[in-house]
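In: Let me see the structure of the following:
(one chain, ligands or ions: 1)
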Amino acid sequence: MAGYTPSAVAVMGSSSSSSSSNIRKINIEKECELRIEVAESPVKLRLLSGTAEIYGTELPPEIWLTIPPHLKFAVFTWYGATVELDGMTETDYTADETPMISYVNVHAVLEGRRNRAKASPTHDSDASQGPRVIVVGPTDSGKSTLSRMLLSWAAKQGWKPTFVDLDIGQGSITVPGCVAATPIEMPIDPVEGIPLEMPLVYFYGHTTPSVNADLYKVIVKELSRTLERQFTGNVESRAAGMVINTMGWIEGVGYELLLHAIDTFNADVVLVIGQEKLCSMLKDVLKNKPNVDVVKLQKSGGVVSRNAKARQKARSYRIRVKSNFFTRTVDYITERGYCNQNPFKVEYLFANFCHAFVFFFQEYFYGLTNDLSPHSNIVSFSDLFVYRVGGGPQAPRSALPIGAEPAADPMRLVPVNINRDLLHLVLAVSFAKEPDQIISSNIAGFIYITDIDIQRKKITYLAPSAGELPSKFLVIGTLTWLET
Ligand SMILES: Nc1ncnc2c1ncn2[C@@H]1O[C@H](COP(=O)(O)OP(=O)(O)OP(=O)(O)O)[C@@H](O)[C@H]1O
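Out: Numbers count the residues shown, from 1 in each chain. Down below sits the predicted model:
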């Protein structure tokens, strides 16, 4: 294929990626990238000379990075680099055609806007607001990857931009079925991904928007309101702006939700990757908003398309690995109206349990030995109150106008009886103090139900920590620990 060359230059063993002795030295030319799809076992990679980055984060010289199985990524260099790769890959090759120059040009424009916002003498005017970038495009167009690069390049220059992830299918802050935001204070670790210490998370509970589009809009609105309050009180984060990643659903209800997100977050830069039609539709619909730039960007040839099975596996992985936090963030400001401080910075209850779930996952899938695991807790049925949003009793046909169909209220909060149907579900722990606050409240974290004893009226669940849950109000959706 034009622009691609096999990457391997053997220095030990064979150059084949299926060899058992696999340390290979690979030269990457200026403005080229090495694309790697890791196979069943981890590979190791280190930078020998030059400079290179993975999605905007520079590789440290000489240090071996262990890249987990199945990860697909690229090592890009602006000036040329040599790396060493140890382990078997599904595929690896170097490519000299990438859209990286156009991506970094976008970064330069955003950088200019951040500097202007920072220099603005009036802190509360529009002039002090940094760029609000929303990245849109079909599934597997490279939205998350571009978001990540823009965030890491900004963080490298000392900004603390806010990352907002609206992708309920393949989001990268927390588990699928949620919308979330987190400040990015350092270039994103190529292996660990987005930091999990300070997320602000709202629970939707499903992995497709069509299940309850009204609820999706409401939680997106809540998330934006909370961030707006944060920006009001924090000049630094206001000037750094935000990068918003979106879902790959761009037709029908998906398109409607994209427009809703652009409007709700007052996005002023819309980056459209890989689809002319979407770009032209957005340009047309936003033409009356002169402050909104719609920019078309090329999709990278390195972006790997995932079939339904692969997407489902990735979702399951994220549910197991990323349901591992209990946080206490914006609950604090909503309770106290405390806006003069970055809500992401306030105390949080039980952080740093990430490893428990990560190791649990590794043991489960790869049989790695470890001595960490999430905590199993047992409580009585009466200790917890479980709700779901949407559905519930429909209005009787006789109470409706002629011809109208009875429809379930999408925003109705329905109490759920505890029974064995809850087994293996992932439930969100709400910060709500009362049931009527559940829809508008962010969540503290997740639990996973492992046993229901109907006779003794006891529930066993896994949680990131032992002890009492941050709240007794739980929300149920359709997220299961193991998607089938
Ligand atoms: N240049 C590249 N080289 C190799 N792999 C890449 C490259 N860019 C992206 N990928 C990989 O391709 C996959 C899809 O990219 P990404 O997740 O950014 O797409 P997306 O549009 O956000 O997908 P979705 O619609 O599911 O949210 C990811 O595994 C990513 O790591």
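
In: Please count neighbours and contacts with C-alpha atoms only from this point.
Out: Fine.

In: burial of R225, as a residue count?
Out: 14 (other Cα atoms under 10 Å).

In: What's the per-residue pLDDT of it here?
Out: At R225, the pLDDT value in this model is 96.

In: what helix or strand is it on?
Out: Here R225 sits within helix 213-233, counting by DSSP states H and E.

In: and that helix, which residues are buried?
Out: 213, 215-224, 226-227, 229-233 (16 or more other Cα atoms under 10 Å).

In: contacts with the ligand among these, please.
Out: Among these, no residue is within reach of the ligand (Cα under 6 Å from any ligand atom).

In: any idea how far R238 lies from the ligand?
Out: 25 Å (Cα to the nearest ligand atom, to the nearest Å).

In: and what of L422?
Out: 28 Å.

In: Past the helix holding R225, which element shows up next along the chain?
Out: Scanning forward in sequence from helix 213-233 by DSSP H and E, the next helix or strand is helix 235-240.

In: just checking, what packs against that following helix?
Out: Under the contact definition 3 or more Cα pairs under 8 Å, 6 or more residues apart in numbering; DSSP states H and E, helix 235-240 sits against helix 100-119, helix 213-233.

In: The helix or strand just after it: partners in the sheet, and parallel or antiparallel?
Out: Going down the chain from helix 235-240, the next helix or strand is strand 242-245, by DSSP H and E. Sheet partners assigned to strand 242-245 using DSSP bridges are listed as strand 132-136 (parallel), strand 162-165 (parallel).

In: Does the longest one reach the ligand?
Out: Same thing as strand 132-136. No. Counting by Cα under 6 Å from any ligand atom, the ligand is not contacted by strand 132-136; separation bottoms out at 8.0 Å.

In: returning to that earlier point: tabulate the strands paired with strand 242-245 (JSON lines), appending mean pLDDT.
Out: As requested, these are exported to JSON lines (pLDDT from 0 to 100):
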{"stretch": "strand 132-136", "mean pLDDT": "98"}
{"stretch": "strand 162-165", "mean pLDDT": "97"}
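
In: Stretch 79-99 and the ligand in contact?
Out: No. Remark: stretch 79-99 sits outside contact range of the ligand, by Cα under 6 Å from any ligand atom, the gap being at least 7.3 Å.

In: Compare the mean pLDDT across the helices and strands packed on helix 235-240 and name the weakest.
Out: Looking at the helices and strands packed on helix 235-240, the bottom one is helix 213-233 with a mean of 94.

In: and that helix, what does it pack onto?
Out: Helix 213-233 is packed against strand 178-183, strand 200-203, helix 235-240, helix 253-264, with contacts defined by 3+ Cα pairs under 8 Å, 6+ apart.

In: by how many degrees do that helix and strand 178-183 diverge?
Out: 10 degrees (axes from the mean of the first three to the mean of the last three Cα atoms, to 10 degrees).

In: from the chain's centre, how far out does helix 213-233 sit?
Out: Chain-centre distance of helix 213-233: 16 Å, with Cα atoms, centre = their mean, to the nearest Å.

In: How about the residues of the stretch 301-450 of the chain by the ligand?
Out: Going by Cα under 6 Å from any ligand atom, the residues of the stretch 301-450 of the chain near the ligand are 302-304.

In: Only whichever of these are buried, select them in PyMOL.
Out: A single PyMOL command selects the buried members of these (16+ other Cα under 10 Å):
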select buried, resi 302+303
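
In: Reformat the residues of the stretch 301-450 of the chain next to the ligand as CSV; add pLDDT.
Out: Compiled in CSV, these are given as follows (pLDDT from 0 to 100):
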residue, pLDDT
G302, 94
V303, 94
V304, 83
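
In: In this protein, where is pLDDT below threshold?
Out: Across the chain, the ranges flagged by pLDDT under 70 are 1-21, 123-124, 307, 309-373, 392-401, 403-407, 481-484.

In: tell me the phi and psi of the most centrally placed residue in it?
Out: Central residue of the chain (Cα atoms, centre = their mean): S172, 2.2 Å from the mean position. When read as degrees, to the nearest 10, the backbone of S172 gives phi -120, psi 0.

In: Pretty sure D165 is one of the things it touches, is it not?
Out: Yes. At 7.0 Å, S172 counts as touching D165 under the criterion of Cα atoms under 8 Å.

In: List of residues touching stretch 96-110?
Out: With contact meaning Cα atoms under 8 Å, 6 or more residues apart in numbering, stretch 96-110 is reached by 3-4, 29, 31-33, 131, 146, 150, 153-154, 297-301.

In: Identify each buried residue in it, please.
Out: Under 16+ other Cα under 10 Å, the buried positions of stretch 96-110 are 96, 98, 100, 103-104, 106-107, 110.

In: Among those residues, which one sits closest to the ligand?
Out: T98 (7.3 Å; Cα to the nearest ligand atom).

In: what about that closest one, distance to F73?
Out: 13 Å (Cα to Cα, to the nearest Å).

In: Please determine whether stretch 201-209 lies in contact with the ligand.
Out: No. Under the criterion of Cα under 6 Å from any ligand atom, the ligand is not reached by stretch 201-209; the shortest gap measures 11.4 Å.

In: Let's see the distance spanning stretch 112-130 from one end to the other.
Out: 9 Å.

In: what about S300, neighbour count?
Out: The burial count for S300: 17, using other Cα under 10 Å.

In: That one touches G142, doesn't it?
Out: Yes. The pair S300 / G142 is scored as a contact, 7.0 Å apart, by Cα under 8 Å.
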